[in-house]
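Participant: Quick one, fold the following:
(chains A and B)
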Number of protein chains: 2
Amino acid sequence: MKFIANKDDLLNGIRIVERATVIKGLQPVLANVLIETVGDTQVKLTATDFDLSITTIINATIESEGKFTLPAKKLGEILSRLNDELMTLELNGSNATITCKNSKFDIIGISASEFPKVEEDISGNDCMEMESVPFIKAIRQVVSAAAGYETNNLLSGVVCQVNKNILELAATDGNRLARVREVVKNASADEENPFEMLISSKVLSELSKIAALVDSETIKICKEDKKIVISLDKTKIMTRLMQGQFPKYNQLIPQTFPKESIVNKGDLISALERVAVMVNEKNSIVKFEFADNTLKLSGDSPDAGNSEDEIDVKYTAEPLTIAFNYKFLLDFLKIVEAEEIKVCLNTPLSATVFSPNSDEDYLYLVMPVQLRG
Amino acid sequence: MKFIANKDDLLNGIRIVERATVIKGLQPVLANVLIETVGDTQVKLTATDFDLSITTIINATIESEGKFTLPAKKLGEILSRLNDELMTLELNGSNATITCKNSKFDIIGISASEFPKVEEDISGNDCMEMESVPFIKAIRQVVSAAAGYETNNLLSGVVCQVNKNILELAATDGNRLARVREVVKNASADEENPFEMLISSKVLSELSKIAALVDSETIKICKEDKKIVISLDKTKIMTRLMQGQFPKYNQLIPQTFPKESIVNKGDLISALERVAVMVNEKNSIVKFEFADNTLKLSGDSPDAGNSEDEIDVKYTAEPLTIAFNYKFLLDFLKIVEAEEIKVCLNTPLSATVFSPNSDEDYLYLVMPVQLRG
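Facilitator: Residues are numbered from 1 along each chain as shown, chains lettered A, B, ... in the order given. As a prediction, this is how the structure comes out:
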């Protein structure tokens, strides 16, 4: 195997696939990237941790075909330090040699035959294609609400649905729930043929990072019984579908609320970060007191002291005192784009819904915490 | 105690003194800063870990006098989040209350009576005063060569001398030696009264960081038998002098060298960082081959492979192969200002001296590593 490639292209390819490498696993080959020539002008890169597999294709001038695996981390370190655009990679027995201007590296690799087989194709034709930007944005809006990743916990997944031209994503860890709906152009799913899947929030987080490295206007998702292939231009991400019945979350979202407040996002973030200096680190509780167009926030730390702050808001209903884990709110406030936030309230123990005070169909439901005493 | 101060002034003061706090020590009061009013217009801040003590003074409007200790870390977090310039600090029993616009914090503190006594005065008058900028620069140029800090290791110290208007600082860990000499204006030491001290490199590193927070043109150093007080404007740093005979390092520096090379600093840093991807992590050895106006660098990692690079240099002497711990060289190359570096060489096992190819009197001597095989 011998090829010439632009070192930034190869580095970008490594950065994309290395998200699926296993650095300190039992099988050293899983820390490596499989590099294989495809025809005369392309090189394919593959990495896998068995759960998640990623492939991508870069342009190259192939001088002789072949395949080999090299450690992703070392390869990234080398490529990022090269000082010329073009580099040559050539296989020499159990080493690969990279040359670039006056620099030369012999890198110990592992034979491609030891690399696990990664299946990119899917039987059947249950596919959906749409614009990538709104999908990636929707992922970022909901993933924080998913439970921490555990193989058999359905709540660590994100529900993705496309029905006609409406995309809906939702996630919940039982204490909070995020749901976003977006109109997407060119979605290929229709009313008779809606598309629905439950996919690990960890994989979707990786996907949103990979999307930043890939220039692709559309995203295509194909699924069969237990498998899914997500394609962004020449990059493919293969993973398992999560199996099981996700909670009927739309039933959990109250339709009407007796009380409402409009809050400036920047004011609320600053005030929350101030009072959070003095909260109990075990539960992160901040108390909210809505009354008379003001919101008073307060925190209490058994060891360090207590804090309070007050901001002007719109609120004319009966006074209400309610408490939240402030970290849940910051997860929402730091991702929502609107400058004004609508807070829909009921009782001190009722689900409270935070949403942008705009046309956007995005909400973050947070269960309050009961205050003692 | 009650005073009004600019929150940025108080925050800067906390940042200066907190370098001497002990976060998880046996005595909780050492994680705190002693805050005491001085007259009607000043507040003094003190922190100590017994080895190093720091005091500083900020301007304030004193409404009632007193003193108290508060946790440095919490205080820093609070002050950095306040959203107005002026803040009030008031003592209420075992709490202090900070108010600023709509924000209020009750912080649990510890009585000032539990704070250790910090002695700022020194008997006698063995003092030296000079410009601060060259002294701080000289510290940064030599500290990397000192041995890691251990209480009774003289080599973890830095020798500082002022003789007439020449400042000399030197440090060595036995494998490398840094020495810098600078002409300083207004130095108060003279030939009949030279000033010399051995001071921990850890304290000098802290001093160089503190200097960045203090606006002071001059630095004053006073010492007595075992103690030293360094003053930068209204900030004072108290520590122990190290006792013992530092090696006569000037005798270790060869006066003449049979071989010399001139190397571009940027080229050398880039090439070293490239070959360093493939070095043995235990000894960090990079091989240097000087010959015919080129310098070939190479690295060899038993697990990952090997690397080589070549740069153009000035070198017309007999070819020479020599090896160094590349980290020692980067410590020097990243701090030296000159664009061209002079490398003075002898045999593959002789001390090699790196210095800026300029008027600056700064050198970094590195002992080579013996290559096997």
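Participant: so where's chain A uncertain?
Facilitator: Where chain A drops to pLDDT under 70, the residues are A:151, A:186, A:189-191, A:373.
Participant: need the residues of it near chain B, please.
Facilitator: Within reach of chain B by C-beta under 8 Å from any C-beta of the partner chain, chain A has these residues: A:71, A:74, A:77-78, A:81-83, A:95, A:102-108, A:270-271, A:273-274, A:277-278, A:303-311. Where you see a C-beta, it was placed from the backbone N, CA and C, and this is true even at glycine.
Participant: all helices of chain A, in order?
Facilitator: Ranges of helices in chain A, per DSSP state H, are A:7-17, A:72-81, A:132-142, A:201-211, A:265-275, A:326-333.
Participant: which residues touch the fourth one?
Facilitator: Right, helix A:201-211. A:16, A:19-20, A:52, A:54, A:132, A:136, A:139-140, A:143, A:146-147, A:149, A:156-158, A:171, A:219, A:230, A:232, A:235, A:237, A:239 (C-beta atoms under 8 Å, 6 or more residues apart in numbering or on different chains).
Participant: Type out the PyMOL command that picks the buried ones from those residues.
Facilitator: A single PyMOL command selects the buried members of the contacts of helix A:201-211 (16 or more other C-beta atoms under 10 Å in any protein chain shown):
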select buried, chain A and resi 16+19+20+52+54+132+136+139+143+146+147+156+157+158+171+219+230+232+235+237+239
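Participant: Strands of the stretch 151-300 of chain A, residue ranges please.
Facilitator: Counting by DSSP state E, counting those that start in this stretch, one finds strands in the stretch 151-300 of chain A at the ranges A:157-163, A:166-172, A:176-183, A:195-200, A:218-223, A:227-232, A:235-240, A:259-264, A:285-291, A:294-301.
Participant: what residues are up against residue A:88?
Facilitator: Neighbouring residues of residue A:88 by C-beta under 8 Å, 6+ apart: A:2, A:3, A:4, A:97, A:98, A:99, A:100.
Participant: Return the residues in contact with residue A:360.
Facilitator: Per C-beta under 8 Å, 6+ apart, neighbours of residue A:360: A:180, A:337, A:338.
Participant: any idea which of those has the most stuff around it?
Facilitator: Using other C-beta atoms under 10 Å in any protein chain shown as the neighbour criterion, residue A:180 leads those with 21 neighbours.
Participant: What distance do you get for it to residue A:298?
Facilitator: Residue A:180 is 31 Å from residue A:298, where distance means C-beta to C-beta, to the nearest Å.
Participant: Kindly report the same for residue A:35.
Facilitator: From residue A:35 to residue A:298 the distance is 57 Å (C-beta to C-beta).
Participant: Have a look at these two and say which one is more surrounded.
Facilitator: Neighbour count, other C-beta under 10 Å: between residue A:35 and residue A:298, residue A:35 has more, with 29 against 20.
Participant: Double-check the more buried one against residue A:90; I have them as touching.
Facilitator: No. Counting by C-beta atoms under 8 Å, residue A:35 stays clear of residue A:90, with 11.5 Å between them.
Participant: list the residues that contact both of the two?
Facilitator: With C-beta under 8 Å, 6+ apart as the test, residue A:35 and residue A:90 both reach A:1, A:96.
Participant: Mind listing the residues bridging to residue A:55?
Facilitator: Residues in a beta bridge with residue A:55, per DSSP bridges, are residue A:46, residue A:236.
Participant: Just give me the neighbour total for it.
Facilitator: Using other C-beta under 10 Å, residue A:55 is surrounded by 25 other residues.
Participant: need the contact list for residue A:133.
Facilitator: So residue A:133 contacts residue A:217 (C-beta under 8 Å, 6+ apart).
Participant: what do you get if the cut-off is 10 Å, keeping everything else the same?
Facilitator: Contacts of residue A:133 were listed using C-beta atoms under 10 Å, 6 or more residues apart in numbering or on different chains, and they are A:182, A:184, A:211, A:216, A:217, A:218, A:219.
Participant: likewise residue A:126?
Facilitator: A:189, A:193, A:195, A:197, A:221, A:222, A:223, A:224, A:225, A:228.
Participant: Just the buried subset of these, please.
Facilitator: Buried among the contacts of residue A:126 (16+ other C-beta under 10 Å): A:189, A:195, A:197, A:221, A:222, A:223, A:228.
Participant: gap between the closest residue to residue A:136 other than its chain neighbours and residue B:124?
Facilitator: Nearest residue to residue A:136 in three dimensions, chain neighbours excluded: residue A:211, at 4.6 Å (C-beta to C-beta, 6 or more residues apart in numbering or on different chains). According to C-beta to C-beta, residue A:211 stands 69 Å off from residue B:124.
Participant: Between the two, which is the more surrounded one?
Facilitator: Neighbour count, other C-beta under 10 Å: between residue A:211 and residue B:124, residue A:211 has more, with 23 against 9.
Participant: what about the more buried one, distance to residue A:33?
Facilitator: Taken as C-beta to C-beta, the span from residue A:211 to residue A:33 is 19 Å.
Participant: Ok, residue A:99 next?
Facilitator: Distance from residue A:99 to residue A:33, by C-beta to C-beta: 19 Å.
Participant: Which one's more surrounded, these two?
Facilitator: More crowded of residue A:99 and residue A:33, by other C-beta under 10 Å: residue A:33, with 29 against 17.
Participant: what's the burial count for the spatially closest residue to that one that is not a sequence neighbour?
Facilitator: Excluding its sequence neighbours, the residue lying closest to residue A:33 (C-beta to C-beta, 6+ apart) is residue A:72, at 4.7 Å. When neighbours are counted by other C-beta under 10 Å, residue A:72 registers 23.
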